[in-house]
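In: Just to be clear, the model below is a prediction. Sequence and coordinates:
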Amino acid sequence: QVQLVESGGGLVQAGGSLRLSCAASGVIFSINAMAWYRQAPGKQRELVATITGGGSTNYADFVKGRFTISRDNAKNTLYLQMNSLKPEDTAVYYCNANINTGWRSFDSWGQGTQVTVSS
């Protein structure tokens, strides 16, 4: 059993910052790629940023230069530093991780954390 738990969401004014965390627990041998997604009301879930096991990162154009994805492999934790937040960043943010238990690999999702940016 593997669980991903996000934290760090909240209400912030435009231009402000938030740092999201996603802690993985359970039977984990290693974690491959990890990612942050978001879903705004009435919209499809969209990819925000990814990070490989080796630390290579990629970002959606709409967050480049403002958001930074990182991970602490020793703690099985994923982070998203969000700066210069805009009202259009308002969404539920989900973490995703490809978990290797030693005998199989699978994708796991967190329950989501709400980020609300006021204008």
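Out: Good, I have the coordinates.
In: What count of nearby residues applies to residue 118?
Out: Close neighbours of residue 118, defined as other CB atoms under 10 Å, add up to 11. All C-beta atoms are positioned from the backbone trio N, CA, C, and that covers glycine.
In: For it, list each beta-bridge partner.
Out: When bridges are taken as DSSP bridges, the partners of residue 118 come out as residue 13.
In: so what pLDDT did it get?
Out: Listed pLDDT for residue 118 reads 98.
In: before we move on, what about residue 1?
Out: For residue 1, the model assigns a pLDDT of 85.
In: and it, what does it touch?
Out: The contact partners of residue 1, taken as CB atoms under 8 Å, 6 or more residues apart in numbering, are 26, 27.
In: distance of it from residue 45?
Out: 24 Å (CB to CB, to the nearest Å).
In: Please enumerate residues in contact with stretch 40-59?
Out: 30-39, 60, 63, 67, 69-71, 73, 78, 80, 88, 90-94.
In: Stretch 110-119 now?
Out: 4-14, 16, 18, 20, 22, 38-39, 82, 85-96.
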